[in-house]
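S.K.: quick one: sequence and predicted model below, then my questions.
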Amino acid sequence: MMKTLLEIKNLKTHFFTHEGVVKAVDGVSLKVDRGKTLGIVGESGSGKSVTALSILRLIPQPPGKIIGGEIYFEGQDLLKLDNKEIRKIRGKKISMIFQEPMTSLDPVFTIGHEIIETIQLHQGLNKKEAREKALEILKIVGIPDVEKRIDSYPHELSGGMRQRVMIAMALSCHPTLLIADEPTTALDVTIQAQIIKLINDLKKRFHTSVILITHDLGVIAEMCDYVAVMYAGQVVEYAEVFTLFEKSLHPYTQGLSKSIPRLNKEVEKLQVIPGMVPNLLNLPPGCPFHPRCSYNFEKCRSENPELIEIEDSHLVKCHLFTEKR
Amino acid sequence: MEKLVEVKNLKKWFLIGKSPLGKKELVKAVDGVSFYIEKKEILGLVGESGCGKTTCGKAILRIINPTAGEIFFNGQDISHLSRKEMLKFRKRMMIIYQDPFGSLDPRMSIGTTIAEPMEVHKIGSKKEQEERVIQIMEKVGLFPDQINRFPHEFSGGQRQRIGIARALATNPEFIVADECVSALDVSIQAQIINLLQNLQKEFGLTLLFVAHDLSVIKHICDRIAVMYLGKIVETAPKNDLFNHPKHPYTQALLSAIPIPDPKMRGKREILMGDVPSPINPPSGCRFHTRCPLVKQICKEEEPSLKSSNNIHYVACHLVN
Ligand SMILES: Nc1ncnc2c1ncn2[C@@H]1O[C@H](COP(=O)(O)OP(=O)(O)O)[C@@H](O)[C@H]1O
Ligand SMILES: Nc1ncnc2c1ncn2[C@@H]1O[C@H](COP(=O)(O)OP(=O)(O)O)[C@@H](O)[C@H]1O
Ligand code: SF4
Ligand SMILES: [Mg+2]
Ligand SMILES: [Mg+2]
């Protein structure tokens, strides 16, 4: 079996709006190894969700369109599949969970109904067998009192319980890849800790690979093996998690890391990254980070650097490092 | 040290309708909290969503009327003042909201938005108001030439600056900052935190800083109060609270925070279960349904907030 499960090469997903072309994802490259968790971190609007939705080909078209790149999953380019083939991958081999489970659970159906239907659809079981399976998986994700809870409606559950149901649904067909888009962002910290542990445990138990999208470096440190840092639709740094926290190279990654208050380290003043993220309709020329970067020099203002491998599995997109090569 | 704000046994209950048996149903959002804030102090109020932080902040400012309890501002009990009597206090105490998008009137220019509290309290002439607006805009990092622009033309971080400018316009002594950095991206959050710290020093502000993020609270506050289901379970100076948390809930809350350092991974105790509903909160200690140390007494008797040194207060049978 190949070590790499998913590899994205130079993905470009743009939105063609009246105001102009939003380059939401503009040359993203990353990979996910089997059984590993890749974190995608970045501020809002940096293209994390659009990257995830592109993998599943769920970009609303129009206005969106994947205009370039390749997404290899188990060796096969997902962008070349027809609609019928991609539907077989979705939900079965790759499933996704979202930040707010309420919007992705149908309020008129019981949670059991939804899970049973998914299992029947993908595993060809009859209703009774599917119900047994559903009970089993709900138990695994830690829903108490499953026999009763399976007939509850989503609004009768707390946010944490709904997220557990979403995870149960996503895992009901034993996907090879689970994409979790901000799965704990809407939850309180004690509930977040439960869900983080649950996903970490399930990943080991089912040998699932995970793409974990978050804006929280704490969640990244807690869950991920590899990390891709996104800025303005591009991956600016990709590294193994320890490397990223100890030896990050990109000025944006470093800035981000210094701008968060930490429980285990006291500072008088937080260091800030000046300014704000650029408008994706009108990106600055050169490196999109250059207006906020304290290192920026001539070349940064005219030429967009390439993402290059500095060391084994450590890639950086910054002229400070392209120069040295 | 002088206290600027003190609340004693503050309660705010909401009537939310009747149960199927015709009994009145109450949400006891804030159910008997007592604390004080010294002049120029930043008190952090932390707890998970729904525990009553916003209700508490609004009740102190009398934006909503408390059900019971007393609120002292500069030594005077303001809890029973009439609307008219309250007016002279209103300009001295302001609030900054979480949602920079929802809390600004989209039809009002930035200048009008910031000037409005001065207008309401009839402070200064039109010209003086405008001068003050420009002065404050500069203080919070907005450009005076943006004065005639409208909220939709601004990013989230800039809107939060507008909210801060508006709160400062009348030169208040006390500000409730309700999750005012929670919705912001980290790089913008850091800018606003630094701004608040600078303004607090410059104007000698007293702050009730409401948040659910303990790392932010630790960075910015002098003293901290931890809330759970309408009650305060622990208050202490920052370092005491973070280095020696005493209440099992505070301990769990601290342990639950994901630390941005992969070497610390998995080193945590995980609190089981969900926060119970404030409509029918658990008997005795409200935390007993989730507490890893629960004893029989916890289910029967409500612990009160006690201290052995008049600094570090805890409401737990096992600590006191
Ligand atoms: N349907 C859409 N139409 C137009 N623009 C969109 C659409 N969906 C996303 N975008 C834009 O794409 C950019 C990236 O969005 P997203 O991937 O959701 O960011 P993130 O998940 O990192 O917060 C944003 O600027 C967003 O406004
Ligand atoms: N106007 C209201 N009517 C009824 N219930 C309310 C109202 N405002 C708040 N609550 C309830 O009071 C409790 C505390 O809410 P809140 O003070 O907003 O908590 P926090 O700010 O800590 O998240 C919650 O259960 C909430 O649903
Ligand atoms: S390429 Fe230049 S501007 Fe961009 S991050 Fe590197 S040094 Fe900064
Ligand atoms: Mg997103
Ligand atoms: Mg609140």
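M.R.: Good, I have the coordinates. Numbering: from 1, shown residues only, chains lettered A, B, ... in the order given. Ligands and ions are numbered 1, 2, ... in the order given.
S.K.: what's the local residue count around the residue in the stretch 51-200 of chain B that ligand 3 sits nearest to?
M.R.: Using C-beta to the nearest ligand atom, residue B:187 is the residue of the stretch 51-200 of chain B that sits closest to ligand 3, at 13.9 Å. For every residue, glycine as well, the C-beta is placed using N, CA and C. Using other C-beta atoms under 10 Å in any protein chain shown as the criterion, residue B:187 is surrounded by 22 other residues.
S.K.: can I assume it is in contact with residue A:43?
M.R.: Yes - taking contacts as C-beta atoms under 8 Å, residue B:187 lies within contact range of residue A:43: 6.4 Å.
S.K.: give me the common contacts of the two.
M.R.: residue A:277 (C-beta atoms under 8 Å, 6 or more residues apart in numbering or on different chains).
S.K.: what kind of secondary structure is the residue of the stretch 51-200 of chain B closest to ligand 3 in?
M.R.: helix (DSSP: H, G, I helix; E, B strand; the rest coil).
S.K.: mind listing what it touches?
M.R.: Per C-beta under 8 Å, 6+ apart, neighbours of residue B:187: A:43, A:255, A:256, A:259, A:272, A:273, A:276, A:277.
S.K.: just give the closest residue to residue A:200, not the sequence neighbours.
M.R.: Closest residue in space to residue A:200, ignoring its immediate chain neighbours: residue A:223 at 6.1 Å, by C-beta to C-beta, 6 or more residues apart in numbering or on different chains.
S.K.: and residue B:189, how far is that from residue B:161?
M.R.: According to C-beta to C-beta, to the nearest Å, residue B:189 stands 13 Å off from residue B:161.
S.K.: go on, residue B:307?
M.R.: 39 Å.
S.K.: wait, what's in contact with the residue in the stretch 151-300 of chain A that ligand 2 sits nearest to?
M.R.: Per C-beta to the nearest ligand atom, residue A:188 is where the stretch 151-300 of chain A lies closest to ligand 2, at 9.3 Å. Taking C-beta under 8 Å, 6+ apart, we find residue A:188 in contact with A:159, A:160, B:48, B:49, B:212, B:275.
S.K.: please redo it, this time with the cut-off set to 10 Å
M.R.: Residue A:188 makes contact with A:158-160, A:194, B:47-51, B:212, B:253, B:256, B:274-275, according to C-beta atoms under 10 Å, 6 or more residues apart in numbering or on different chains.
S.K.: ok, so of those residues, who is nearest ligand 3?
M.R.: Within the contacts of residue A:188, the smallest distance to ligand 3 is 32.6 Å, found for residue B:212 (C-beta to the nearest ligand atom).
S.K.: these two touch, right, the closest one and residue B:46?
M.R.: Yes - the pair residue B:212 and residue B:46 passes the contact test of C-beta atoms under 10 Å, sitting 6.4 Å apart.
S.K.: of those two, who's got more company?
M.R.: residue B:46 (25 against 18).
S.K.: the more buried one contacts residue B:220, correct?
M.R.: No - using C-beta under 10 Å, residue B:46 makes no contact with residue B:220, being 11.3 Å away.
S.K.: got any residues that touch both of these two?
M.R.: With C-beta under 10 Å, 6+ apart as the test, residue B:46 and residue B:220 both reach B:209, B:211.
S.K.: for the residue of the stretch 101-250 of chain A found nearest ligand 3, what are its contacts?
M.R.: Residue nearest to ligand 3 within the stretch 101-250 of chain A (C-beta to the nearest ligand atom): residue A:250, separated by 6.1 Å. Contacts for residue A:250 (C-beta under 10 Å, 6+ apart) come out as A:229, A:231, A:235-239, A:244, A:256, A:289, A:293, A:305, A:315-318, A:320-321.
S.K.: just residue B:254 next, same as before
M.R.: So residue B:254 contacts A:189, A:263, B:214, B:218, B:226, B:241, B:242, B:245, B:268, B:269 (C-beta under 10 Å, 6+ apart).
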